[in-house]
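Visitor: could you work out the structure for the sequence below:
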Amino acid sequence: KTEGHVEGEKVENPDTGLYYDEYLRQVIDVLETDKHFREKLQTADIEEIKSGKLSRELDLVSHHVRTRLDELKRQEVARLRMLIKAKMDSVQDTGIDHQALLKQFEHLNHQNPDTFEPKDLDMLIKAVSARYE
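Guide: Here you go, the predicted structure:
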């Protein structure tokens, strides 16, 4: 039964086309492991999600969930840094502003690369919403 559900999810969740699709999916999967957050997510309407109200619920998730989200964020920041380095290597211009490059990644707070905070969830939701609007 579980395998059928997992296979069903793969069919129901096609690639979003976002360059941070894998990060988005991992964050959602981790958040859904927290019973309280999952219930809030299931009862929230789209406006509550977009407005950032749901992001405030992040403070109530378990320590294990927060630790895993912190780890995911550090991995995503490392991935983005590799992309920036590859872009810099291809351009070979030493005058590149690293902060300006990081600002183009609006799905996470690049000024705090170590911990996943409510602001990160809010930014991720807003980036996805803006993309689909």
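Visitor: any idea of the mean pLDDT for the lengthiest helix in the chain?
Guide: If each helix of the chain is counted by residues according to DSSP state H, the longest one is helix 63-91. Averaging the model's pLDDT scores along helix 63-91 yields 87.
Visitor: repeat that for stretch 126-133.
Guide: On average, stretch 126-133 scores 80.
Visitor: also stretch 32-46?
Guide: 92.
Visitor: that one: which residues count as buried?
Guide: Using 16 or more other Cβ atoms under 10 Å as the test for burial, stretch 32-46 gives 34, 37, 40, 41. Every C-beta, even on glycine, is put in place using the N, C-alpha and C of the backbone.
Visitor: for the first one, give me phi and psi.
Guide: With angles defined as degrees, to the nearest 10, residue 34 sits at phi -90, psi 120.
Visitor: what is the burial count for residue 129?
Guide: 12 (other Cβ atoms under 10 Å).
Visitor: so it is in contact with residue 47, correct?
Guide: No - with contacts counted by Cβ atoms under 8 Å, residue 129 stays clear of residue 47, the gap being 10.6 Å.
Visitor: nearest to residue 120, of the buried residues of stretch 32-46?
Guide: Distance to residue 120 across the buried residues of stretch 32-46 (Cβ to Cβ) is lowest for residue 37, with 14.2 Å.
Visitor: quick check: that closest one touching residue 31?
Guide: Yes - between residue 37 and residue 31 there is a contact under Cβ under 8 Å: 5.1 Å.
Visitor: cheers, nothing more for now.
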